[in-house]
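> can't give you the sequence, but here's the structure:
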């Protein structure tokens, strides 16, 4: 009597867990509102010798922009805490964003420039890991410098660490610029590899050898 030799079905894992997808889109929406309202706030008291066009801003005037900015700030703060807690306690950061090594980044940069960088759904290459870790750090820096600007008396230590109130504004501006730069690169990569968009919206699974939960 022959035994059952049919292959066992391979275990499948989520490409992007639902909490990652949810926090991703909430973060994107909150950051867009904060950036556009922040540009309106910037226009009221510019740091550099330029202003953002009115069509790129949100709020209409200073008070309106501040209202939008603070509303989005609380959404971003809560969403960021949820994502960081999930990333730390679930092992998401350890599995998907680490390790980041100069050799690995350089290898994948060269492969990308030669249009030979493979992309497996659910797997972050070294360049993506660096970009995601970098934008998380930039968001935290934007939050810290924003608190220093918002409440300079209550957060005197933050103001001191930022080099004073005026320099805290500069730090906040360049943190914002880095986040916007990430958005631009991120969108370009999605356009180049459009198959990555659907799983971030609808979810999906792949064999566990290709993705981690």
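Right, received. Where do you want to start? Every value quoted in this text rests on a predicted model; they were computed, and no experiment measured them. Residues are numbered from 1 along each chain as shown.

> what helix or strand is the residue nearest the centre of the chain on?
What sits nearest the mean C-alpha location of the chain, by Cα atoms, centre = their mean, is residue 135, with 4.8 Å. Using DSSP states H and E, residue 135 falls within helix 126-150.

> picking up where we left off before, surely the residue nearest to the centre of the chain touches residue 182?
Yes. Using Cβ atoms under 8 Å, residue 135 is in contact with residue 182, at 4.4 Å. For glycine as for every other residue, the C-beta is placed from the backbone atoms N, C-alpha and C.

> got the angle between the helix or strand residue 170 falls within and helix 126-150?
In the assignment (DSSP H and E), residue 170 maps to helix 165-192. Here helix 165-192 points in a direction 150 degrees away from that of helix 126-150 (axes from the mean of the first three to the mean of the last three Cα atoms, to 10 degrees).

> pLDDT (mean, whole number) over helix 165-192?
If you average the pLDDT over helix 165-192, you get 90.

> Show me what the following helix or strand past it is packed up against.
Per DSSP H and E, the first helix or strand lying C-terminal to helix 165-192 is helix 197-202. Packing partners of helix 197-202 (3 or more Cβ pairs under 8 Å, 6 or more residues apart in numbering; DSSP states H and E): helix 18-44.

> Just the buried residues of the helix it packs on, please?
The neighbour-count check on helix 18-44 (16 or more other Cβ atoms under 10 Å) flags 20-21, 23, 26-27, 30-31, 33-43 as buried.

> which of the residues in the very next helix or strand once past that helix are buried?
The helix or strand immediately downstream of helix 18-44 is helix 62-89, counting by DSSP H and E. By neighbour count with 16+ other Cβ under 10 Å, helix 62-89 contains the buried residues 65-66, 68-69, 72-73, 75-76, 79-80, 83-84, 86-87.

> Toward the C-terminus, what is the element adjacent to helix 62-89?
Per DSSP H and E, helix 62-89 leads on to helix 92 as the next helix or strand towards the C-terminus.

> which helices and strands sit right next to the strand or helix carrying residue 157?
Using DSSP H and E, residue 157 sits within helix 156-161. If contacts are counted by 3+ Cβ pairs under 8 Å, 6+ apart, helix 156-161 sits against helix 126-150, helix 165-192.

> Export the ones you listed as a markdown table, with columns for distance to residue 112.
Formatted as a markdown table, the helices and strands packed on helix 156-161 follow (distance: least, Cβ to Cβ, whole Å):
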| stretch | distance to residue 112 |
| --- | --- |
| helix 126-150 | 6 |
| helix 165-192 | 9 |
